[in-house]
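**Student:** I would like the atomic coordinates for the input below:
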Amino acid sequence: MNDQPLSGPDAPRGCPVAHGSADVTRLFGPEASTDPLGIYERLRKEHGSVAPVLLEGDVPAWLVLGYRDNRRVLDNPRQFSRDARIWRDWREGRVDETSPLIPMVGWRPDCVSQDGEPHRRLRGAVTDGLLAASSRGVRRHTTYYANKQIDAFADAGRADLVADYAEHLPMLVLTRILGLPAADGLRLVESCAQVFKGGEGALEHNGRIMQILSDLTDRKRAEPGSDFATALLEHPAGLDHDEVVSHLRLVLIAGHTTTSNLLARVLHLVLTDAARLSGLVSGQLNISSVVEEVMWDTPPLSVLPGRFAAADLELGGHHIQEGELLVLGLAAGNLDPEVRPDSAVALQGNQAHLAFSAGPHECPGQNIGQSIIEIGVDVLLHRLQGLRLAVPSEELSSTATTWDSRLDNLPVEFSV
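**Tutor:** Below is the predicted model:
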């Protein structure tokens, strides 16, 4: 690895950094948790559309900041593989199996870790299973659980729409889709969050998720049902036990984290804009346009892991070496001034955002997530009269991990 510092306009344009270099920006720690957008913009000014960074454990990576460069990486799996088994730092022993990055970046027997025919085989099973699940009443399940969550605080006249609503509603719907009992889903909310947060607890919580889903797979093999787990087990692609469990984990973690985050962000936008709130309540404004705006400005995943250079190549003026890790800056790409010179301009009807990734690995369950959000917002606004923020909007805060930025809380008041 190149030990030269990589800061300033005269920085070398090759391999990222040696582990532990003090001159390279870390995508974790205090600054990254409070001002990720500021970090992305500083990196863009210093390095252009691709920048060297350090991930947790001082693991080197390239952060892709430009919209067009993100699309190039996402659309070209032959150049930028999703197979972590070619990750050079892992192969050469610089990333331990106990690293908190492994649950996010490491190889698993699921479709997002594969390319080519193995990917097509596994993704076909996931897509078919999700299509069947979405036809079995996702909107009805969401309406039921939304009302049930609201019932718990409707008489209080106040609530935190993050902790009391957005964190739990998607998980309750997803557990119904997967075939899990609701009680297991509520236990998994914390574990999903911890996997994204990283740190010492990430592997333990990932293990808890895997055990619950392994037990589910065994139960559904013995007692099939009308659920996603059974659909995977019975699919002609012939998934084995580990493949079924890994795909249940994929849908659970990705589906819950992105949907809960996006739901909270949509509610935040609505409650800080009186015109949007009244338009939604009156039916003059379509909720899908608000969701679309949020996906451009604050996508549910800020950074997407990960891709690996399949050969030495050039990207954004930098020389990327074979086996090096790239992480995709979805939030930075959506705000790239080359494609969006004025971030304040409305992008209604423009669905070219990166919020659901792109290319062959684009999120296969986005329609389910959007249905949960649209129904969740609609039920809430029509159940709670006089809904308003309980604190000034400037007091609301977010906390970021390497991968996402989430509202800490969303306190509201309403008429009883």
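
**Student:** and the end-to-end length of stretch 341-352?
**Tutor:** By CA to CA, to the nearest Å, the extent of stretch 341-352 from end to end equals 15 Å.

**Student:** repeat for stretch 44-56
**Tutor:** Across its full length, stretch 44-56 reaches 21 Å end to end, with CA to CA as the criterion.

**Student:** Now it: average pLDDT?
**Tutor:** Confidence over stretch 44-56 (mean pLDDT, whole number) is 97.

**Student:** buried stuff in that stretch?
**Tutor:** Going by neighbour count (16 or more other CB atoms under 10 Å), the buried part of stretch 44-56 is 44, 47-56. For the C-beta atoms, the positions are set from N, CA and C on the backbone; glycine is no exception.

**Student:** quick one: the helices in the stretch 101-250 of the chain?
**Tutor:** 102-105, 116-134, 138-151, 169-178, 182-197, 202-222, 228-234, 241-271 (DSSP state H, counting those that start in this stretch).

**Student:** Convert the first one to CSV, retaining C-alpha atoms only.
**Tutor:** Put plainly, it is helix 102-105. What follows is helix 102-105, C-alpha atoms only, in CSV (Å, rounded to 0.1, in the frame of the first residue of the first chain):
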residue,chain,number,x,y,z
ILE,A,102,-17.9,-8.0,7.9
PRO,A,103,-21.7,-8.0,8.4
MET,A,104,-22.0,-5.1,5.9
VAL,A,105,-19.1,-5.8,3.4
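
**Student:** so how far is that helix from its chain's centroid?
**Tutor:** From the chain centre to the centre of helix 102-105 is a distance of 13 Å (CA atoms, centre = their mean, to the nearest Å).

**Student:** Quick one: mean pLDDT for it?
**Tutor:** Taken as a whole, helix 102-105 carries a mean pLDDT of 94.

**Student:** List the contacts of that helix.
**Tutor:** 55, 84, 87, 95, 195-196, 198, 202-203, 206, 305-306, 325, 403 (CB atoms under 8 Å, 6 or more residues apart in numbering).

**Student:** just stretch 185-194 next, same as before
**Tutor:** For stretch 185-194, the external contacting residues (CB under 8 Å, 6+ apart) are 167-168, 171-172, 174-175, 201-202, 204-206, 208-209, 212, 252-253, 256-257.

**Student:** Kindly write the ChimeraX command that selects the buried subset of those residues.
**Tutor:** Here the buried members of the contacts of stretch 185-194 are turned into a ChimeraX selection, burial being counted by 16+ other CB under 10 Å:
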select :167,168,171,172,174,175,201,202,205,206,208,209,212,252,253,256,257
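
**Student:** so which of the contacts of helix 102-105 comes closest to residue 355?
**Tutor:** Distance ranking of the contacts of helix 102-105 against residue 355, using CB to CB, places residue 403 first at 13.4 Å.

**Student:** helix, strand or coil for the closest one?
**Tutor:** coil (DSSP: H, G, I helix; E, B strand; the rest coil).

**Student:** go on, the one 3 residues further on?
**Tutor:** The three-state label given to residue 406 by three-state DSSP is strand.

**Student:** Could you give the bridge partners of it?
**Tutor:** When assigned by DSSP bridges, residue 406 has beta-bridge partners residue 399.

**Student:** show me the contacts for it.
**Tutor:** 162, 261, 264, 398-400.

**Student:** Just name the closest of these to residue 121, please.
**Tutor:** Relative to residue 121, the closest of these is residue 261; by CB to CB it sits at 30.1 Å.

**Student:** Unless I'm misreading it, residue 58 sits right up against residue 26, doesn't it?
**Tutor:** Yes: between residue 58 and residue 26 there is a contact at 7.5 Å, judged by CB atoms under 8 Å.

**Student:** Tell me the residues that contact both of the two, please.
**Tutor:** With contacts defined as CB under 8 Å, 6+ apart, no residue is shared by residue 58 and residue 26.

**Student:** Out of the buried residues of stretch 44-56, list just those in strands.
**Tutor:** Helix and strand membership here follows DSSP state E; of the buried residues of stretch 44-56, those in strands are 50-55.

**Student:** Would you state the strands of the stretch 251-400 of the chain in chain order?
**Tutor:** Taking DSSP state E, counting those that start in this stretch, the strands of the stretch 251-400 of the chain run over residues 303-309, 313-315, 318-320, 325-329, 388-389, 398-400.

**Student:** would a markdown table of those with mean pLDDT, distance to residue 281 and mean neighbour count be doable?
**Tutor:** Formatted as a markdown table, the entries for these read as follows, by pLDDT from 0 to 100; distance: least, CB to CB, whole Å; neighbours: other CB atoms under 10 Å:
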| stretch | mean pLDDT | distance to residue 281 | mean neighbour count |
| --- | --- | --- | --- |
| strand 303-309 | 96 | 34 | 24 |
| strand 313-315 | 97 | 46 | 15 |
| strand 318-320 | 97 | 49 | 21 |
| strand 325-329 | 98 | 35 | 26 |
| strand 388-389 | 96 | 12 | 14 |
| strand 398-400 | 94 | 26 | 17 |
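
**Student:** which stretch among those strands comes nearest residue 33?
**Tutor:** With CB to CB, the closest approach to residue 33 among those belongs to strand 398-400: 5.0 Å.

**Student:** Please list the residues outside that closest one that contact it.
**Tutor:** The set of residues that contact strand 398-400 without belonging to it, under CB under 8 Å, 6+ apart, is 32-34, 36, 302, 405-408.

**Student:** Just give the closest residue to residue 145, not the sequence neighbours.
**Tutor:** Of all residues beyond its chain neighbours, the one nearest residue 145 is residue 172 (4.2 Å), with distances taken as CB to CB, 6 or more residues apart in numbering.
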